[in-house]
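> Sequence and predicted structure, then a few things I'm wondering about:
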Amino acid sequence: MSTTRVHNPCPHCGATGRRRMLRQLTPAVATGYYQCSDPECSAAWAAQTEITHMISESGKPNPRLAIPFRPAFRRSSHTPTAANDGDQNQAALAH
Ligand SMILES: [Zn+2]
């Protein structure tokens, strides 16, 4: 289940980093080990990935996980327009 096409540029030369290994520390935290694809650089580094919040609920939720849920977009039906705010500010200045 390895997906090595993860964009993680080399911190020194900016070339694409290739993930060599992924160590899953917890269900929400993993450390990836990367190597620079530029043979003249050939730097190697480790980077940690942490799931900070869920954007979409799982259909198979893990009861042991406590990851906060924050939808990506929240549309409000009650949004005042910028033009109205501007009019109110101008009216306040006039007084
Ligand atoms: Zn590099």
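Perfect, thanks for sending it.
> is stretch 24-40 up against the ion anywhere?
Yes. Stretch 24-40 comes into contact with the ion (CB under 5 Å from the ion), by way of C36, D38. Every C-beta, even on glycine, is put in place using the N, C-alpha and C of the backbone.
> Name the residues that touch that stretch?
6, 8, 10, 12-13, 15-23, 42-51, 62, 64-65, 67 (CB atoms under 8 Å, 6 or more residues apart in numbering).
> if you set the cut-off to 10 Å instead, what comes out?
4, 6, 8-23, 41-52, 54, 62, 64-67 (CB atoms under 10 Å, 6 or more residues apart in numbering).
> May I ask which helix or strand encompasses R64?
If you go by DSSP states H and E, R64 is not part of any helix or strand.
> Next one: it relative to E57, how far apart?
Using CB to CB, to the nearest Å, R64 is found at 16 Å from E57.
> how about the residues of the protein that lie near the ion?
Residues of the chain lying near the ion (CB under 5 Å from the ion): C10, H12, C13, A15, C36, D38, C41, A43.
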